[in-house]
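# starting from these lines, generate the structure:
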Amino acid sequence: MGEATMPYWPAAMDLKTAAAYCGCCPETFKKVCPVKPLRYTESTRGERYLRQRLDEWLSSIDPNRQSAPKRRLVDYLNGGEGEARRA
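Below you'll find the model as predicted:
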């Protein structure tokens, strides 16, 4: 798959786009994602999630990461951090 066929992900995304970027629906995204949106306006329509912060969060829950204890997405889904696993 070449670069021309890759999707474009803006640096700041609305809720629907951020959820799609993370591979889940907006309802699940709101439940599990700890990243807080920037507020451009007083309206929730002005909220944007920074792609860089989403990448950092996704990296922190990556079970393949070669660092200290990891948090799993399922732990977020269950409402807590759960027990950290060792690498």
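
# now the residue sitting nearest the centre point of the chain: which helix or strand?
Centre of the chain computed as the mean C-alpha position; nearest residue by C-alpha atoms, centre = their mean is Leu54, 4.1 Å away. Using DSSP states H and E, Leu54 maps to helix 51-60.

# could I get the CA-only coordinates of that helix as PDB?
Output of helix 51-60 as PDB, limited to C-alpha atoms (Å, rounded to 0.1, in the frame of the first residue of the first chain):
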ATOM      1  CA  ARG A  51      -2.800  13.200  17.100                       C
ATOM      2  CA  GLN A  52       0.500  13.400  19.000                       C
ATOM      3  CA  ARG A  53      -1.200  12.800  22.300                       C
ATOM      4  CA  LEU A  54      -3.300  10.000  20.900                       C
ATOM      5  CA  ASP A  55      -0.200   8.300  19.600                       C
ATOM      6  CA  GLU A  56       1.500   8.700  23.000                       C
ATOM      7  CA  TRP A  57      -1.500   7.100  24.700                       C
ATOM      8  CA  LEU A  58      -1.800   4.200  22.200                       C
ATOM      9  CA  SER A  59       1.900   3.600  22.500                       C
ATOM     10  CA  SER A  60       1.600   3.400  26.300                       C
END
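
# residue ranges with poor pLDDT in this structure?
For the chain, residues meeting the criterion pLDDT under 70 lie at 1-6, 67-72, 74, 76, 79-87.

# all strands of it, in order?
For the chain, applying DSSP state E gives strands covering 12-13, 38-39, 47-50.

# right, and the ones you listed - which one's nearest Leu77?
strand 47-50 (18.4 Å; C-beta to C-beta). Where C-beta positions appear, they are placed from N, C-alpha and C, glycine not excepted.
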